[in-house]
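*Asks:* Just need the structure, nothing else, for what follows:
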Amino acid sequence: MAASMTIVFATFNGEKTLPRMLEALCQVRPPQGGLQIIAVDNASSDKTPEILRYFLDHLPLVVLHQPERGKNRALNLAIPHIQGDIVIFTDDDVLPDQNWLNAYEQCAAVHPECDIFGGAIFPYWEIPPETWLLESIPLGGTFALTSPDLQEGQISPGLIWGPNMMVRKKIFDAGNFFNETVGPNKGQYVMGSETEFNYRICQQGSKTWFCPAARVQHIIRNFQMNEKWITNRAYRMGRGLCIAEYFKRDGMHKKPYFFGLCNFPRWMVRRVLQDTIACWFYNFTGNKSKSLMMQFDAAFYRGYIRQAQELKKVII
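*Replies:* Okay, the predicted model is just below:
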(Lines give C-alpha, C1' and ligand atoms only; values in the text may rest on other atoms or scores of the structure.)
Protein backbone atom coordinates (compact mmCIF):
# COMPACT_ATOMS: atom_id res chain seq x y z
CA MET A 1 0.00 0.00 0.00
CA ALA A 2 1.39 3.39 -1.00
CA ALA A 3 2.32 5.72 1.83
CA SER A 4 0.46 8.99 2.25
CA MET A 5 2.39 12.25 2.53
CA THR A 6 2.07 15.53 4.42
CA ILE A 7 3.99 18.68 3.49
CA VAL A 8 4.57 21.08 6.40
CA PHE A 9 5.95 24.60 6.26
CA ALA A 10 5.85 27.75 8.35
CA THR A 11 5.60 31.22 6.88
CA PHE A 12 6.20 34.66 8.36
CA ASN A 13 5.46 37.62 6.11
CA GLY A 14 6.06 35.46 3.07
CA GLU A 15 4.13 37.48 0.49
CA LYS A 16 7.21 38.02 -1.71
CA THR A 17 7.90 34.32 -2.31
CA LEU A 18 4.86 32.40 -1.01
CA PRO A 19 2.72 32.78 -4.18
CA ARG A 20 5.53 31.39 -6.35
CA MET A 21 6.08 28.52 -3.94
CA LEU A 22 2.38 27.58 -3.83
CA GLU A 23 2.03 27.88 -7.61
CA ALA A 24 4.94 25.45 -7.95
CA LEU A 25 3.25 23.07 -5.51
CA CYS A 26 0.20 23.08 -7.76
CA GLN A 27 2.39 21.61 -10.52
CA VAL A 28 3.96 18.86 -8.38
CA ARG A 29 2.80 15.32 -9.13
CA PRO A 30 0.91 14.00 -6.08
CA PRO A 31 1.99 10.77 -4.37
CA GLN A 32 -0.05 7.62 -4.92
CA GLY A 33 -1.06 7.41 -1.26
CA GLY A 34 -2.56 10.91 -1.08
CA LEU A 35 -1.33 14.34 -0.07
CA GLN A 36 -1.99 16.81 2.73
CA ILE A 37 -0.33 20.25 2.97
CA ILE A 38 -0.13 22.11 6.28
CA ALA A 39 0.85 25.78 6.23
CA VAL A 40 1.39 27.54 9.55
CA ASP A 41 1.04 31.31 9.45
CA ASN A 42 3.51 32.45 12.09
CA ALA A 43 2.06 35.84 13.06
CA SER A 44 2.34 37.41 9.60
CA SER A 45 1.41 41.07 9.22
CA ASP A 46 1.48 41.24 5.41
CA LYS A 47 -0.74 39.57 2.78
CA THR A 48 0.29 36.05 3.75
CA PRO A 49 -3.14 35.11 5.24
CA GLU A 50 -4.89 36.25 2.05
CA ILE A 51 -2.49 34.30 -0.14
CA LEU A 52 -3.04 31.13 1.88
CA ARG A 53 -6.83 31.55 1.74
CA TYR A 54 -6.70 31.86 -2.05
CA PHE A 55 -4.85 28.56 -2.42
CA LEU A 56 -7.34 26.66 -0.25
CA ASP A 57 -9.31 26.06 -3.46
CA HIS A 58 -6.26 24.94 -5.43
CA LEU A 59 -4.35 22.63 -3.07
CA PRO A 60 -5.18 20.06 -0.34
CA LEU A 61 -4.22 22.78 2.11
CA VAL A 62 -4.81 23.14 5.84
CA VAL A 63 -3.95 26.55 7.31
CA LEU A 64 -3.01 26.90 10.97
CA HIS A 65 -2.12 30.06 12.89
CA GLN A 66 0.66 30.34 15.45
CA PRO A 67 0.51 33.87 16.96
CA GLU A 68 3.78 33.46 18.87
CA ARG A 69 6.85 33.97 16.67
CA GLY A 70 9.26 31.09 16.14
CA LYS A 71 9.58 28.71 13.20
CA ASN A 72 9.98 25.60 15.34
CA ARG A 73 7.07 26.69 17.49
CA ALA A 74 4.99 26.90 14.30
CA LEU A 75 6.16 23.48 13.07
CA ASN A 76 5.35 21.92 16.44
CA LEU A 77 1.82 23.29 16.18
CA ALA A 78 1.40 21.36 12.93
CA ILE A 79 2.66 18.00 14.21
CA PRO A 80 -0.61 16.84 15.89
CA HIS A 81 -2.47 17.60 12.62
CA ILE A 82 -0.24 15.44 10.40
CA GLN A 83 -2.12 12.66 8.62
CA GLY A 84 0.53 11.33 6.26
CA ASP A 85 2.86 8.41 6.92
CA ILE A 86 5.71 10.53 5.59
CA VAL A 87 6.26 14.21 6.45
CA ILE A 88 8.12 16.61 4.18
CA PHE A 89 9.34 19.86 5.71
CA THR A 90 10.10 22.81 3.50
CA ASP A 91 10.08 26.62 3.45
CA ASP A 92 7.95 29.33 1.87
CA ASP A 93 10.76 30.32 -0.52
CA VAL A 94 11.36 27.11 -2.48
CA LEU A 95 10.31 25.96 -5.94
CA PRO A 96 9.98 22.15 -5.99
CA ASP A 97 10.42 20.06 -9.12
CA GLN A 98 7.34 18.33 -10.47
CA ASN A 99 8.80 14.93 -9.49
CA TRP A 100 9.70 16.06 -5.95
CA LEU A 101 7.18 13.97 -4.03
CA ASN A 102 7.44 10.92 -6.28
CA ALA A 103 11.22 10.84 -5.77
CA TYR A 104 10.80 10.96 -1.99
CA GLU A 105 8.03 8.36 -2.15
CA GLN A 106 10.27 5.93 -4.02
CA CYS A 107 13.28 6.60 -1.81
CA ALA A 108 11.29 5.99 1.38
CA ALA A 109 9.99 2.69 0.00
CA VAL A 110 13.44 1.47 -1.06
CA HIS A 111 15.12 2.44 2.24
CA PRO A 112 12.80 1.42 5.08
CA GLU A 113 15.81 1.35 7.42
CA CYS A 114 16.07 5.15 7.25
CA ASP A 115 13.80 7.63 9.03
CA ILE A 116 15.18 11.00 7.90
CA PHE A 117 15.84 11.95 4.27
CA GLY A 118 17.32 15.01 2.63
CA GLY A 119 16.84 16.19 -0.94
CA ALA A 120 18.85 18.36 -3.29
CA ILE A 121 18.64 22.16 -2.92
CA PHE A 122 19.73 24.35 -5.84
CA PRO A 123 19.73 28.15 -6.09
CA TYR A 124 17.16 30.28 -7.84
CA TRP A 125 18.87 33.66 -8.02
CA GLU A 126 16.56 36.67 -8.28
CA ILE A 127 19.56 38.57 -9.60
CA PRO A 128 22.68 36.86 -11.01
CA PRO A 129 25.41 37.00 -8.34
CA GLU A 130 28.73 38.61 -9.15
CA THR A 131 31.63 36.18 -9.53
CA TRP A 132 33.68 37.78 -6.74
CA LEU A 133 30.82 37.19 -4.30
CA LEU A 134 30.50 33.51 -5.19
CA GLU A 135 34.24 33.08 -4.64
CA SER A 136 34.15 34.74 -1.20
CA ILE A 137 31.74 32.62 0.82
CA PRO A 138 30.62 29.01 1.33
CA LEU A 139 27.43 28.91 -0.72
CA GLY A 140 26.03 25.81 0.97
CA GLY A 141 25.67 27.09 4.50
CA THR A 142 25.09 30.70 3.48
CA PHE A 143 22.12 30.01 1.22
CA ALA A 144 21.12 26.48 2.39
CA LEU A 145 22.24 24.80 -0.84
CA THR A 146 23.41 21.21 -1.14
CA SER A 147 26.63 20.44 -2.95
CA PRO A 148 26.06 19.36 -6.58
CA ASP A 149 28.69 16.67 -5.95
CA LEU A 150 26.72 15.03 -3.13
CA GLN A 151 25.89 11.44 -4.08
CA GLU A 152 22.90 9.35 -3.08
CA GLY A 153 23.52 7.37 0.07
CA GLN A 154 23.82 7.67 3.81
CA ILE A 155 24.52 11.23 4.87
CA SER A 156 25.54 13.15 7.95
CA PRO A 157 22.49 14.40 9.89
CA GLY A 158 24.02 17.88 9.72
CA LEU A 159 23.75 17.98 5.90
CA ILE A 160 19.95 17.66 5.80
CA TRP A 161 18.38 21.12 5.83
CA GLY A 162 14.98 22.72 6.33
CA PRO A 163 14.10 23.67 2.73
CA ASN A 164 14.03 19.99 1.71
CA MET A 165 13.74 17.36 4.43
CA MET A 166 11.57 14.27 4.94
CA VAL A 167 10.82 12.47 8.23
CA ARG A 168 8.72 9.39 8.89
CA LYS A 169 5.65 10.18 10.99
CA LYS A 170 6.55 7.47 13.49
CA ILE A 171 9.31 9.78 14.76
CA PHE A 172 6.67 12.27 15.90
CA ASP A 173 4.32 9.54 17.09
CA ALA A 174 7.14 8.59 19.48
CA GLY A 175 6.83 12.03 21.10
CA ASN A 176 9.59 13.97 19.34
CA PHE A 177 9.25 17.69 18.56
CA PHE A 178 11.49 20.49 17.29
CA ASN A 179 13.58 22.45 19.78
CA GLU A 180 11.88 25.84 20.10
CA THR A 181 15.02 27.57 21.41
CA VAL A 182 16.77 27.04 18.04
CA GLY A 183 15.93 28.46 14.62
CA PRO A 184 14.19 31.68 13.56
CA ASN A 185 12.56 33.36 16.57
CA LYS A 186 11.43 36.85 17.45
CA GLY A 187 14.51 38.90 18.28
CA GLN A 188 17.07 36.19 17.51
CA TYR A 189 17.95 33.53 14.97
CA VAL A 190 20.26 30.70 15.97
CA MET A 191 20.77 28.49 12.94
CA GLY A 192 20.83 24.74 13.23
CA SER A 193 17.20 23.88 13.85
CA GLU A 194 17.14 20.80 11.64
CA THR A 195 20.70 19.88 12.61
CA GLU A 196 19.82 19.73 16.30
CA PHE A 197 16.67 17.73 15.54
CA ASN A 198 18.42 15.31 13.20
CA TYR A 199 21.32 14.58 15.55
CA ARG A 200 18.93 14.11 18.45
CA ILE A 201 16.78 11.63 16.49
CA CYS A 202 19.84 9.77 15.20
CA GLN A 203 21.08 9.38 18.77
CA GLN A 204 17.88 7.39 19.29
CA GLY A 205 18.93 4.97 16.55
CA SER A 206 17.49 6.46 13.35
CA LYS A 207 19.44 6.60 10.08
CA THR A 208 19.61 9.30 7.41
CA TRP A 209 19.67 9.14 3.61
CA PHE A 210 20.30 11.64 0.81
CA CYS A 211 17.90 11.52 -2.15
CA PRO A 212 19.27 13.75 -4.95
CA ALA A 213 16.25 13.11 -7.20
CA ALA A 214 14.01 15.02 -4.73
CA ARG A 215 14.93 18.51 -5.92
CA VAL A 216 13.90 22.01 -4.98
CA GLN A 217 15.21 25.44 -5.90
CA HIS A 218 15.81 27.87 -3.04
CA ILE A 219 14.87 31.44 -3.95
CA ILE A 220 17.82 33.71 -3.13
CA ARG A 221 16.46 37.22 -2.68
CA ASN A 222 18.14 40.43 -3.78
CA PHE A 223 18.77 41.61 -0.23
CA GLN A 224 20.64 38.40 0.52
CA MET A 225 23.43 39.60 -1.76
CA ASN A 226 24.15 42.33 0.81
CA GLU A 227 27.44 42.00 2.72
CA LYS A 228 25.78 42.83 6.03
CA TRP A 229 23.18 40.09 5.53
CA ILE A 230 25.90 37.60 4.60
CA THR A 231 28.08 38.34 7.64
CA ASN A 232 25.03 38.17 9.94
CA ARG A 233 24.33 34.79 8.39
CA ALA A 234 27.90 33.71 9.16
CA TYR A 235 27.44 34.76 12.78
CA ARG A 236 24.25 32.67 13.05
CA MET A 237 26.01 29.74 11.37
CA GLY A 238 28.72 29.87 14.03
CA ARG A 239 26.13 29.79 16.79
CA GLY A 240 24.38 26.89 15.07
CA LEU A 241 27.58 24.86 14.73
CA CYS A 242 28.29 25.31 18.42
CA ILE A 243 24.85 23.92 19.29
CA ALA A 244 25.26 21.06 16.79
CA GLU A 245 28.59 20.03 18.33
CA TYR A 246 27.08 20.14 21.77
CA PHE A 247 24.20 17.88 20.78
CA LYS A 248 26.57 15.53 18.97
CA ARG A 249 28.26 15.14 22.37
CA ASP A 250 31.49 15.72 20.49
CA GLY A 251 33.57 16.23 23.58
CA MET A 252 32.84 19.94 23.64
CA HIS A 253 32.16 19.79 27.35
CA LYS A 254 35.68 18.41 27.88
CA LYS A 255 37.48 21.35 26.27
CA PRO A 256 39.27 23.77 28.64
CA TYR A 257 37.58 27.01 29.59
CA PHE A 258 39.05 30.20 28.19
CA PHE A 259 39.97 32.40 31.16
CA GLY A 260 37.13 30.71 33.04
CA LEU A 261 34.55 32.42 30.84
CA CYS A 262 33.20 29.82 28.47
CA ASN A 263 33.80 26.56 26.69
CA PHE A 264 35.30 26.83 23.18
CA PRO A 265 38.64 26.18 21.44
CA ARG A 266 41.07 28.94 22.42
CA TRP A 267 42.41 29.34 18.90
CA MET A 268 39.07 30.84 17.85
CA VAL A 269 39.87 34.11 19.65
CA ARG A 270 43.15 34.36 17.74
CA ARG A 271 41.32 33.55 14.52
CA VAL A 272 38.79 36.36 15.06
CA LEU A 273 41.60 38.87 15.62
CA GLN A 274 43.59 37.67 12.61
CA ASP A 275 40.58 37.69 10.31
CA THR A 276 39.49 41.15 11.45
CA ILE A 277 42.93 42.62 10.76
CA ALA A 278 43.09 40.86 7.40
CA CYS A 279 39.64 42.21 6.52
CA TRP A 280 40.82 45.79 7.17
CA PHE A 281 43.90 45.21 5.01
CA TYR A 282 41.99 43.73 2.05
CA ASN A 283 39.34 46.43 2.29
CA PHE A 284 42.08 49.08 2.19
CA THR A 285 43.70 47.48 -0.86
CA GLY A 286 40.35 47.16 -2.65
CA ASN A 287 40.17 43.36 -2.69
CA LYS A 288 36.41 42.92 -2.12
CA SER A 289 36.47 39.14 -2.37
CA LYS A 290 39.18 38.62 0.26
CA SER A 291 37.69 41.30 2.50
CA LEU A 292 34.28 39.59 2.55
CA MET A 293 35.94 36.22 3.05
CA MET A 294 37.67 37.48 6.19
CA GLN A 295 34.50 39.22 7.43
CA PHE A 296 32.60 35.98 7.02
CA ASP A 297 35.24 33.96 8.84
CA ALA A 298 35.48 36.37 11.77
CA ALA A 299 31.70 36.59 12.14
CA PHE A 300 31.41 32.80 12.10
CA TYR A 301 33.84 32.34 14.98
CA ARG A 302 32.33 35.24 16.94
CA GLY A 303 29.00 33.46 16.68
CA TYR A 304 30.51 30.20 17.90
CA ILE A 305 32.13 31.92 20.88
CA ARG A 306 28.91 33.75 21.76
CA GLN A 307 26.87 30.54 21.70
CA ALA A 308 29.49 28.73 23.79
CA GLN A 309 29.12 31.45 26.41
CA GLU A 310 25.37 30.92 26.47
CA LEU A 311 25.79 27.16 26.73
CA LYS A 312 28.13 27.43 29.70
CA LYS A 313 25.34 27.01 32.23
CA VAL A 314 24.13 23.91 30.34
CA ILE A 315 27.62 22.41 30.13
CA ILE A 316 28.36 22.96 33.81
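*Asks:* Any regions of the protein where pLDDT drops low?
*Replies:* Under the criterion pLDDT under 70, the flagged ranges of the chain are 1, 183-192, 247-263, 312-316.
*Asks:* Please, where are all the helices along it?
*Replies:* If DSSP state H is used as the criterion, the helices of the chain fall at 18-27, 48-55, 71-78, 100-110, 131-134, 139-143, 170-173, 193-203, 227-247, 267-285, 288-315.
*Asks:* Out of these, which gets nearest to Val87?
*Replies:* When those are compared by CB to CB, helix 170-173 sits nearest Val87, at 7.2 Å. Bear in mind the C-beta positions are built from the backbone N, C-alpha and C, glycine included.
*Asks:* Now the closest one: buried residues?
*Replies:* Within helix 170-173, the residues that count as buried by 16 or more other CB atoms under 10 Å are Ile171, Phe172.
*Asks:* cool, and stretch 116-129?
*Replies:* Neighbour-count burial for stretch 116-129 flags Ile116, Phe117, Gly118, Gly119, Ala120, Ile121, Pro129 (criterion: 16+ other CB under 10 Å).
*Asks:* Among those residues, name the ones in strands.
*Replies:* Among the buried residues of stretch 116-129, the ones falling in strands (DSSP state E) are Ile116, Phe117, Gly118, Gly119, Ala120, Ile121.
*Asks:* Contacts only, for the last one.
*Replies:* Just to be clear, that refers to Ile121. Val94, Ala144, Leu145, Thr146, Trp161, Pro163, Asn164, Arg215, Val216, Gln217, His218 (CB atoms under 8 Å, 6 or more residues apart in numbering).
*Asks:* residues in contact with the last one?
*Replies:* Applying CB under 8 Å, 6+ apart, one finds that His218 lies in contact with Asp91, Asp93, Val94, Ile121, Phe122, Pro123, Tyr124, Phe143, Ala144, Leu145, Pro163.
*Asks:* Which strand residues bridge it?
*Replies:* Val94, Pro123 (DSSP bridges).
*Asks:* Distance of it relative to Ile82?
*Replies:* 24 Å (CB to CB, to the nearest Å).
*Asks:* Contacts only, for the most centrally placed residue in the chain.
*Replies:* Residue closest to the mean C-alpha point of the chain, counted by CA atoms, centre = their mean, is Gly162 at 3.5 Å. Contact analysis of Gly162 by CB under 8 Å, 6+ apart lists Phe89, Thr90, Asp91, Ala144, Ser193, Glu194.
*Asks:* for Trp209, same thing?
*Replies:* So Trp209 contacts Cys107, His111, Cys114, Ile116, Phe117, Gly118, Glu152, Gly153, Gln154, Ile155 (CB under 8 Å, 6+ apart).
*Asks:* could you redo the last one with a cut-off of 7 Å?
*Replies:* For Trp209, the contact set (CB atoms under 7 Å, 6 or more residues apart in numbering) comprises Cys107, His111, Cys114, Phe117, Gln154, Ile155.
*Asks:* which among those residues end up buried?
*Replies:* So, by 16+ other CB under 10 Å, the buried ones in those are Cys107, His111, Cys114, Phe117, Ile155.
*Asks:* Relative to Arg239, how far out is the closest residue to the fourth one other than its chain neighbours?
*Replies:* Of all residues not flanking Phe117 in the chain, Met166 sits nearest, at 4.1 Å (CB to CB, 6 or more residues apart in numbering). Separation of Met166 from Arg239 (CB to CB): 26 Å.
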